[in-house]
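[1] Need a 3D model of the sequence below.
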Amino acid sequence: MGFSNTLFAGLSGLDANQTRLNVVGNNIANANTVSYKATRSLFKPQFYVTDSSGSQPTADNGGTNPSQRGLGVTIASLEKNFNQGAIEGTGKSTDLALDGTGFFVIKTNPVAQPGTPNETMYTRDGSFKLDSANNLVTNAGDFVQGYGIDANYNLVTTSLSQLSIPLGTATTAQATTKASFEGNLDASGVLSGGASVLLGTSWTSSSGAPTATTLLTDLQDAGGKSPFMAGDALSFTGRKGGRNLTTETFSVTSTTTMGDLAAFMQNSLGINTAVPAIPASVPTPGVTIESEIVNPAFAHLAIVGNSGTANQLQLDTSCLKKQDGTLPMAFTTGTNSLGQADNPVGEGIHTGFTAYDSLGTPLQMDVTLTKESQDSNGTTWRFYVESSDNITATGMTPAVASGTLTFGTDGKLRATTGTQISIGRVGTGAAVPLTTNLDFSQMTSFASVGSDLSMSAQDGSPVGRLSSYSIGTDGKIDGVFSNGVKRVLGQVVIAKFINPQGLVDRGGNNYVEAANSGTAVVVTPGGQGVATLVSGSLELSNVDLSEEFTNMIIASTGYSAASRVISTASQLMTELLNASR
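    Numbers count the residues shown, from 1 in each chain. Take a look at the predicted model:
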């Protein structure tokens, strides 16, 4: 039994040191494998035979110690070294390194790897790439998991999903929710007063002076000639505050009335009839039908604009045209039936800017300010917002909104009204309405420096395609679109385990949960003590070659010594057999 024990002890030494050599060889082979974690082998005695358990001391003699003979060695454990490896920059944006503890979460792709189960695995290897469907995947085609986004580019943190970076295919647009203005409104300027008063050609009809219900085809001049016929297509162009307004079109049918034409012109000129007449002497804005005082059988259109020079209306002789170029109606400045003459005056300023609806459609906006009132407490200015892209249930309605800006005696803005405006987009496919806040907080009203106004910023944008992206230390994938808009495209997550040594290595740098690893806790990079991400970099293997060469020498020496034990025991057994002959 003695020699056989020696043989088996030596054999266990061979097995243990061979395992250690295998571990060392595997570590050296993977010295250049991305994020490879070295393994170490720990030995322990196999078991002991107890010849004597020992005895306690007595009054007559001392105690004896146990007498035990070891029967070899066995592998105590093979442990992964999860210490941080060096991080090397690669310049490839999809390469990710973990700086700290934790693992990337991946899900196997049965399509890329036929016959493999669809399961969740964990890895430190961040050598990712984009597949043909723009999914972020491993080199084996497994899907990188993280938090996806909803239709509005908000992170969905309730579940994990595969991450996608759709370069060149994803599009986005941003509705304008805020427009900011800056400039100065001259507090020493003249108060706005008066308004444009324009009178159109006078007409009669078969029933006398035309009214709002009179058909356009029933209008006649003094010679009985009708200016309009069913089927006429009219174009109408005006000027306001010295700028050209958008040309609008109007179709005449057998049922079109004088009131329809008046409403069309009022709408096209952007006259805001909701603004009160301040001061009271200012004519009430709008387009009405007035009977002639001298000849009551005739009537004309009377156009009254909003107060101030910045709202001054101008209509030349060709403002209203038929499709054949004829001019059915002309307008001149004059005095209306209330005795109010064309006399717009007062300090004012105008600026235009482009806003965007939810589909990225550009909308032309006009903002006009006029000096409305002034007293010992400060100055009040009125703003008018117009847009030919304001599409309501009744059609195009340029007069969008009006409000006031009140400045204190120090020239600083104290209060505002009506700065949240709604722009109709009915029938355009965009979200209805477009709600935009006008921010005048940077405006001032000082004297003797003139008035100036400009839009300094607005948060809308037209349609753009995803052109580039970056991945931050927090795992967020930030996409940059061709229109300059930045959107979050997703977020890479990290899994942490109470005992990462308990994970089962599936090869290919992938691990799966096991009984002693604990359940994966998914967190965002940098949270709860886990790693941060380093984009454009990879974690290198943490194999220490000098240590491995030392271990190789120790293991080979142990192997040789164990084999010498076996050969020596064999020689002694041979001698014993020879002596017994």
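[2] From the contact counts, what lies against the top helix by length along the chain?
    Under DSSP state H, the helix in the chain containing the largest number of residues is helix 545-579. Counting contacts by 3 or more C-beta pairs under 8 Å, 6 or more residues apart in numbering; DSSP states H and E, helix 545-579 packs against helix 2-29. In this view, the C-beta of every residue, glycine as well, is placed from N, C-alpha and C.
[3] quick one on the thing from earlier: flag every buried residue along the longest helix of the chain.
    Glu548, Asn551, Met552, Ala555, Gly558, Tyr559, Ala562, Val565, Ile566, Ala569 (16 or more other C-beta atoms under 10 Å).
[4] Please list all residues in contact with the spatially closest residue to the last one that is not a sequence neighbour.
    Pointing back at Ala569 there. Counting by C-beta to C-beta, 6 or more residues apart in numbering, Ala569 lies nearest to Thr6, which is 4.1 Å off, once chain neighbours are set aside. Listed by C-beta atoms under 8 Å, 6 or more residues apart in numbering, the contact partners of Thr6 are Val565, Ile566, Thr568, Ala569.
[5] Among the buried residues of helix 545-579, show me the least confident.
    Taking the buried residues of helix 545-579 together, the minimum pLDDT is found at Ala569 (78).
[6] how close does that one sit to Leu7?
    Here the criterion is C-beta to C-beta, to the nearest Å. By it, Ala569 lies 5 Å from Leu7.
[7] Common neighbours of those two, please.
    Here Ala569 and Leu7 have no joint contacts, going by C-beta under 8 Å, 6+ apart.
[8] wouldn't Gly360 be in contact with Gln174 here?
    Yes: if you go by C-beta atoms under 8 Å, Gly360 and Gln174 touch, sitting 7.4 Å apart.
[9] between those two, what contacts are shared?
    Ser461.
[10] circling back to that earlier point, what's the most distant pair in the contacts of Thr6?
    Pairwise distances across the contacts of Thr6 (C-beta to C-beta) peak at 7.4 Å, for the pair Ile566 and Thr568.
[11] Now the longest strand anywhere in the chain: buried residues?
    With secondary structure taken from DSSP state E, the chain has its longest strand at strand 362-375. For strand 362-375, a neighbour-count test (16+ other C-beta under 10 Å) marks Leu363, Met365, Asp366, Val367, Thr368, Leu369, Thr370, Lys371, Glu372, Gln374 as buried.
[12] can you dump the C-alpha coordinates of it into PDB?
    C-alpha atoms of strand 362-375 as PDB (Å, rounded to 0.1, in the frame of the first residue of the first chain):
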ATOM      1  CA  PRO A 362     -41.000  76.000 -43.000                       C
ATOM      2  CA  LEU A 363     -43.600  78.600 -42.000                       C
ATOM      3  CA  GLN A 364     -43.000  82.300 -42.800                       C
ATOM      4  CA  MET A 365     -43.800  84.500 -39.800                       C
ATOM      5  CA  ASP A 366     -44.000  88.300 -39.500                       C
ATOM      6  CA  VAL A 367     -43.900  90.200 -36.300                       C
ATOM      7  CA  THR A 368     -44.700  93.900 -36.200                       C
ATOM      8  CA  LEU A 369     -44.500  96.200 -33.200                       C
ATOM      9  CA  THR A 370     -46.100  99.600 -32.800                       C
ATOM     10  CA  LYS A 371     -45.900 102.100 -29.900                       C
ATOM     11  CA  GLU A 372     -49.400 102.000 -28.400                       C
ATOM     12  CA  SER A 373     -49.300 104.100 -25.200                       C
ATOM     13  CA  GLN A 374     -47.000 105.900 -22.800                       C
ATOM     14  CA  ASP A 375     -47.400 107.300 -19.300                       C
END
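[13] The residue sitting nearest the centre point of the chain is in what secondary structure piece?
    Nearest to the mean C-alpha position of the chain, by C-alpha atoms, centre = their mean, lies Arg487 at 2.6 Å. Assigned by DSSP states H and E, Arg487 belongs to strand 486-492.
[14] burial of Ala31, as a residue count?
    15 (other C-beta atoms under 10 Å).
[15] I meant to write Pro45 there.
    14.
[16] mind checking pLDDT for it?
    88.
[17] what sits against it?
    Gly70, Gly72, Val73, Thr74.
[18] and what of Thr524?
    By C-beta under 8 Å, 6+ apart, Thr524 lies in contact with Tyr147, Asp474, Gly475, Gln491, Val493, Ile494.
[19] Could I get these in TSV, plus columns for neighbour count and distance to Asn83?
    Shown next, in TSV, are those (neighbours: other C-beta atoms under 10 Å; distance: C-beta to C-beta, whole Å):
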residue	neighbour count	distance to Asn83
Tyr147	22	28
Asp474	13	23
Gly475	25	22
Gln491	23	26
Val493	23	22
Ile494	27	17
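[20] Same list, these, but as a markdown table with pLDDT and distance to Val543 please.
    Below are the contacts of Thr524 laid out as a markdown table (pLDDT from 0 to 100; distance: C-beta to C-beta, whole Å):
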| residue | pLDDT | distance to Val543 |
| --- | --- | --- |
| Tyr147 | 97 | 33 |
| Asp474 | 96 | 30 |
| Gly475 | 96 | 27 |
| Gln491 | 97 | 31 |
| Val493 | 97 | 28 |
| Ile494 | 97 | 23 |
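[21] Closest one of those to Leu78?
    Nearest to Leu78 among these, with distances taken as C-beta to C-beta, is Ile494, at 25.3 Å.
[22] Let's verify Gln266: helix, strand, or coil?
    helix (DSSP: H, G, I helix; E, B strand; the rest coil).
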